[in-house]
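Q: Predicted model follows, preceded by the sequence.
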Amino acid sequence: MGLLKLLFFVFLISFPIAEIGKVQLDNGVSISINDVFLLLLVSAWIFFKIRYKKQKKYFLQKPILIFVSICLITLILNFYNLTLEMFLISLLYLVRFASYVSLYFIIKEFDLNTKNKISFFLLFSGFITVLIGYIQYFFYPSLGNLFYLGWDEHLYRMFSSFLDPNFAGVFFVLYFIFSLIFVKEYFVKRIIYKLISVSFISILTLIAVYLTYSRSALVMLFVGIITFLILSKKGKLVFIAVSILTLMIFMSPKSFKTEGTNLLRTVSSEARIVSIKQGFYIFEKNPVFGVGFNAYRYAQNKYLGLNNIYWKTTHSGAGTDNSFVFVLATTGIVGFIAYIYFLYNIFYLSKFNLVKSKYAVVLFSSLLGLLASSFFINSFFYVFILEWVFILAGLTENN
């Protein structure tokens, strides 16, 4: 158990490295330091379960097993459309997805003291990620030199270690909502020096959300904060919060001055619409079981003919700008139903524990915000977001 705890905390500390700690191979496979520590963690957990044969009840076990199983089935059914290499690469992402989801199960093995420490490690790791964002924003304002690796320029936008302002923005919102439970707790307990410290972190994170100039992150922020205030029985503050959040849009530096920082930009919006239409087109060709979970890149090349020599490695090729369209295209109607059941149960877990756990409010608010953002980017299947959400789910059920 000591080794399991150690690996878990090392894994949490590795979180800020994110995309900058990733090695991209020519066949489209990428491996991050985060993945390596996760593999070690999951392996230790499996060994622990086999050796000690501890049986626990997991609220999300059934929906998780159903969705992961259907994802595997859709991939197997599409084996004839893929080469062995394509099949194995697609399977690797499913293994990665299942591994990140397993964080929810692993937290069940820990005692209350360890679970409390996890929340502080999350606070620390999140703050380092935000800090990296500010360093990047002032000293590395463009990804133009990494264009050949499949990254967009993102000029004058904060993208932190994620190398993408949209996913960075989603994480910053998740982290901001998470930090509010500490602000609330220290305010009630009147621990002034801790209240000041955490409030400072929250303000920095809120500003960071705006410096990503990500509209999906802003939508998520509005939805998440409104939900958090209502669930915290602070409904009277909703109007004030919305007014402040709206005012900050016009106070952001460089707002509306360049294409990337212009919140009224249309180029990226049109590209998202095209991406979603392409996703629906692929779904229409494979309505029942889809093209196979995470075989979307190969389906795009087959049906749409990706005219890019980097089609195997470009980041836009692996998915579409809508999580639900991605599920429809890759797993069909069958997988979509299983996924809705999966999401429903996570929402129910948070709702059921609203009175019991302080993390439940954070999880519910985060999920609703993610739901809003997932219509614009594939946020529900971004591994670093999965990591955060399922750790929260584990903490919610266990406290």
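A: That came in fine, so what should we check first?

Q: Counting by contacts, list what the helix or strand containing V188 packs against.
A: In the assignment (DSSP states H and E), V188 maps to helix 165-189. Helix 165-189 is packed against helix 112-139, helix 192-211, helix 215-231, helix 358-373, helix 383-398, with contacts defined by 3 or more Cβ pairs under 8 Å, 6 or more residues apart in numbering; DSSP states H and E. Where C-beta positions appear, they are placed from N, C-alpha and C, glycine not excepted.

Q: mind checking which of those is nearest D35?
A: Nearest to D35 among those is helix 383-398 (7.9 Å), distances taken as Cβ to Cβ.

Q: how about the closest one: buried residues?
A: 383-398 (16 or more other Cβ atoms under 10 Å).

Q: Next secondary structure after the helix or strand of the chain with the lowest mean pLDDT?
A: Least confident element among the helices and strands of the chain, by mean pLDDT, DSSP states H and E: strand 22-24 (a mean of 75). Where DSSP H and E defines the elements, the next helix or strand beyond strand 22-24 is strand 30-32.

Q: burial count for Q278?
A: Q278 is flanked by 19 other residues according to other Cβ atoms under 10 Å.

Q: Send over the one helix or strand it maps to as CSV, restricted to the C-alpha atoms.
A: Applying DSSP H and E as the criterion places Q278 in helix 267-285. Extracted C-alpha coordinates of helix 267-285, given in CSV (Å, rounded to 0.1, in the frame of the first residue of the first chain):
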residue,chain,number,x,y,z
VAL,A,267,-12.3,31.4,-38.8
SER,A,268,-12.0,28.9,-35.9
SER,A,269,-15.8,28.8,-35.6
GLU,A,270,-16.2,27.9,-39.2
ALA,A,271,-13.5,25.2,-38.9
ARG,A,272,-15.3,23.7,-35.9
ILE,A,273,-18.6,23.6,-37.9
VAL,A,274,-16.8,21.8,-40.7
SER,A,275,-15.2,19.4,-38.2
ILE,A,276,-18.5,18.5,-36.7
LYS,A,277,-20.2,18.1,-40.1
GLN,A,278,-17.4,15.7,-41.0
GLY,A,279,-18.0,13.8,-37.8
PHE,A,280,-21.7,13.4,-38.6
TYR,A,281,-20.8,12.3,-42.1
ILE,A,282,-18.6,9.5,-40.8
PHE,A,283,-21.3,8.5,-38.3
GLU,A,284,-23.9,8.3,-41.1
LYS,A,285,-21.7,5.8,-42.9
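
Q: Now do stretch 216-228: distance to the chain's middle.
A: 15 Å (Cα atoms, centre = their mean, to the nearest Å).

Q: on that earlier part again, export the helices and strands packed on helix 165-189 as CSV, with columns for distance to P287.
A: Formatted as CSV, the helices and strands packed on helix 165-189 follow (distance: least, Cβ to Cβ, whole Å):
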stretch, distance to P287
helix 112-139, 39
helix 192-211, 37
helix 215-231, 27
helix 358-373, 23
helix 383-398, 26
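
Q: Those helices: which one's closest to E85?
A: Judging those by Cβ to Cβ, what sits closest to E85 is helix 383-398, at 21.3 Å.

Q: tell me what that closest one is packed against?
A: helix 33-52, helix 84-101, helix 103-107, helix 112-139, helix 165-189, helix 323-352, helix 358-373.

Q: Dump those helices to a markdown table, plus mean neighbour count, mean pLDDT and distance to I240.
A: Formatted as a markdown table, the helices and strands packed on helix 383-398 follow (neighbours: other Cβ atoms under 10 Å; pLDDT from 0 to 100; distance: least, Cβ to Cβ, whole Å):
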| stretch | mean neighbour count | mean pLDDT | distance to I240 |
| --- | --- | --- | --- |
| helix 33-52 | 16 | 89 | 38 |
| helix 84-101 | 18 | 91 | 36 |
| helix 103-107 | 23 | 93 | 35 |
| helix 112-139 | 17 | 93 | 24 |
| helix 165-189 | 23 | 94 | 15 |
| helix 323-352 | 20 | 95 | 25 |
| helix 358-373 | 23 | 95 | 17 |
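
Q: mind checking which of the ones you listed is nearest N294?
A: helix 84-101 (4.0 Å).

Q: orientation of that closest one relative to helix 383-398 in degrees?
A: Put simply, helix 84-101 runs at 40 degrees to helix 383-398, going by axes from the mean of the first three to the mean of the last three Cα atoms, to 10 degrees.

Q: Need the contact partners of helix 84-101.
A: For helix 84-101, contacts defined as Cβ atoms under 8 Å, 6 or more residues apart in numbering pick out 27-29, 35, 38-39, 42, 64, 68, 71-72, 75, 79, 82, 292-295, 298, 381, 383, 386-387, 390.

Q: re earlier: closest one to T331 among the helices and strands packed on helix 165-189?
A: Using Cβ to Cβ, those put helix 383-398 closest to T331, at 16.4 Å.

Q: Dump the closest one to PDB, restricted to CA.
A: The C-alpha trace of helix 383-398 is given here as PDB (Å, rounded to 0.1, in the frame of the first residue of the first chain):
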ATOM      1  CA  VAL A 383      -6.500  12.500 -21.000                       C
ATOM      2  CA  PHE A 384      -5.400  15.300 -18.600                       C
ATOM      3  CA  ILE A 385      -9.100  16.300 -18.100                       C
ATOM      4  CA  LEU A 386     -10.000  12.700 -17.600                       C
ATOM      5  CA  GLU A 387      -7.300  12.500 -14.900                       C
ATOM      6  CA  TRP A 388      -8.700  15.400 -13.000                       C
ATOM      7  CA  VAL A 389     -12.400  14.400 -13.300                       C
ATOM      8  CA  PHE A 390     -12.000  10.800 -12.100                       C
ATOM      9  CA  ILE A 391      -9.800  11.800  -9.200                       C
ATOM     10  CA  LEU A 392     -12.600  14.100  -8.200                       C
ATOM     11  CA  ALA A 393     -15.100  11.300  -8.600                       C
ATOM     12  CA  GLY A 394     -13.000   9.100  -6.400                       C
ATOM     13  CA  LEU A 395     -12.700  11.800  -3.700                       C
ATOM     14  CA  THR A 396     -16.500  12.500  -3.900                       C
ATOM     15  CA  GLU A 397     -17.500   8.900  -3.300                       C
ATOM     16  CA  ASN A 398     -15.100   8.400  -0.500                       C
END
